[in-house]
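> Structure of the sequence below:
(chains A, B and C)
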Amino acid sequence: MTSVQERAAELTFAELYARVQQFYARHMWLLDTGAAEEWAATFSEDGVFAPPSAPEPIAGRAALTAGVEEAKQRLSEIGEQHRHLLLSLDVVPRGDGGIDVRSYAQIIATPRGGDPRVHLMCVTYDLLVFEDGELRVKHRRVTRDGRP
Amino acid sequence: MTSVQERAAELTFAELYARVQQFYARHMWLLDTGAAEEWAATFSEDGVFAPPSAPEPIAGRAALTAGVEEAKQRLSEIGEQHRHLLLSLDVVPRGDGGIDVRSYAQIIATPRGGDPRVHLMCVTYDLLVFEDGELRVKHRRVTRDGRP
Amino acid sequence: MTSVQERAAELTFAELYARVQQFYARHMWLLDTGAAEEWAATFSEDGVFAPPSAPEPIAGRAALTAGVEEAKQRLSEIGEQHRHLLLSLDVVPRGDGGIDVRSYAQIIATPRGGDPRVHLMCVTYDLLVFEDGELRVKHRRVTRDGRP
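Model prediction:
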């Protein structure tokens, strides 16, 4: 873990904040364009995603990839484009090299030929880490406004 | 005011911009979770908030706290979660250590068991200052699109 | 082009990312407040804007200015305020001094006396350049979700 710790510690807050914003832009672009494997690769090998809609957390890249493939198929069938925007980031470096990031997540859905709407308003709690100089999601928990 | 001036002057634009984004993320999280006193503490002691809905500006932390408590009660009664997102920040350091920030403010509302909506689209004009190394709102004026 | 190349190369990623965010905040504020000429001046002299709604790209500041004047007139007639938010920025400096920026663009529309809505959800592909130390749009292409 030494290199990870050094990486987070050597960045200024501005550099870290910009890197996290850039990471999310690409990470969600991969999700929204259905690049399932590439998206899963932005998680750690053992990355965990605990969405509110799943009974159990989704663990590991194979399961994460399968989840995106499913969602892609479903969105294709209903003819909707979804966009995930992680905004209002609260970025807190931890002593162990990890980075806690809390964000407001908007999912904007647009049906084919129709008007966009705010589909879901969520809060995302991420633990990010640097792996080989790149940010990765090690753990993600999401809560949805208005739903249990 | 010397230390305040020095603080704003010694930061790079990147550092200032990241600090302002981080400040708003926390500031609005406190508001949206109903942490009334903690939110009021992110204003200067003599901080002023001029919202479009109030006949007079709200001045001072006690009044700011009371305002959040009222809103919290009202949102609880109607069963809505509100999220405030300050986006598209235009950050301009002033010569006196203050920082002018204009932003587009979205309020996303989600009723219990229902779908989110863009409740209000606003423009926020803030004067921020550094106090003991922390950003605070010294003055805030808000206008709402579509309303006088 | 030497100075342009040097400019982009000498900035840290954090500084570039903050500058781009600030640029968009001002650029879209000019558009949304109907400051047609000032908005057009944030494009290069030969800047090109390829919106999905136009049969041909709009090229040069005179044409860009005219486009905003038209939109301003139309929005005034229907009594709507539009706000353009460029979010989730993916910022990539090119070797030639240009900067590729892909973003998620929300247009929030609010009718007079009415409620705001997500009017359009778009993806914006910009080529930015530094001119006299200031960012300018050299080329913009926009696609709209849900529309061809």
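
> What helix or strand is residue A:52 located in?
Assessed by DSSP states H and E, residue A:52 sits outside every helix and strand.

> What residues does it make contact with?
Going by CB atoms under 8 Å, 6 or more residues apart in numbering or on different chains, residue A:52 touches A:122, A:142, A:143, A:144, A:147. For the C-beta atoms, the positions are set from N, CA and C on the backbone; glycine is no exception.

> what does residue A:41 give?
Taking CB under 8 Å, 6+ apart, one finds residue A:61 in contact with residue A:41.

> For the contacts of residue A:52, name the two members farthest from one another.
Within those, two members stand farthest from each other by CB to CB: A:142 and A:147, at 10.8 Å.

> between the two, who's got more neighbours?
Using other CB atoms under 10 Å in any protein chain shown, the more surrounded residue of residue A:142 and residue A:147 is residue A:142, with 18 against 13.

> would the more buried one count as being in a strand?
Yes. Counting by DSSP: H, G, I helix; E, B strand; the rest coil, residue A:142 is part of a strand.

> separation between it and residue A:62?
Note on residue A:142: its distance to residue A:62, by CB to CB, to the nearest Å, is 20 Å.

> Around chain B, which positions in chain A sit nearby?
A:12-15, A:17-18, A:87-91, A:102-104, A:106, A:117-121, A:145-147 (CB under 8 Å from any CB of the partner chain).

> In helices, which of the residues you listed fall?
Within the residues of chain A next to chain B, residues falling in helices by DSSP state H are A:13, A:14, A:15, A:17, A:18.

> What is the burial count for the third one?
The one in question is residue A:15. Residue A:15: 18 neighbours (other CB under 10 Å).

> can you pull the contacts of it?
When contacts are taken as CB under 8 Å, 6+ apart, residue A:15 is in contact with B:14, C:12, C:13, C:14.

> The first one touches residue C:21, doesn't it?
So that's residue B:14. No. The pair residue B:14 and residue C:21 fails to qualify as a contact (CB atoms under 8 Å) at a distance of 9.9 Å.

> about what we covered before: out of the contacts of residue A:52, who's nearest residue A:70?
residue A:142 (16.7 Å).

> what's across from the closest one in the sheet?
Beta bridges link residue A:142 to residue A:124, judged by DSSP bridges.

> Could I get the buried residue list for stretch A:83-94?
A:83, A:84, A:85, A:86, A:87, A:88, A:89, A:90, A:91, A:93 (16 or more other CB atoms under 10 Å in any protein chain shown).

> Model confidence at the fourth one, what's the number?
Model confidence at residue A:86, given as pLDDT, is 98.

> ok, now how distant is it from chain B?
11 Å (CB to the nearest CB, to the nearest Å).

> Quick one: residues contacting that residue.
Contacts of residue A:86 (CB under 8 Å, 6+ apart): A:24, A:28, A:103, A:104, A:105, A:124, C:88.

> helix or strand for the residue of chain A positioned farthest from its centre, which one?
The outermost residue of chain A relative to its centre, with distances by CA atoms, centre = their mean, is residue A:113 at 27.6 Å. According to DSSP H and E, residue A:113 maps onto no helix or strand at all.

> List the contacts of the residue lying closest to it once chain neighbours are set aside.
Of all residues not flanking residue A:113 in the chain, residue C:146 sits nearest, at 6.1 Å (CB to CB, 6 or more residues apart in numbering or on different chains). Contact analysis of residue C:146 by CB under 8 Å, 6+ apart lists A:81, A:110, A:111, A:112, A:113, A:114, A:115, A:116, C:121.
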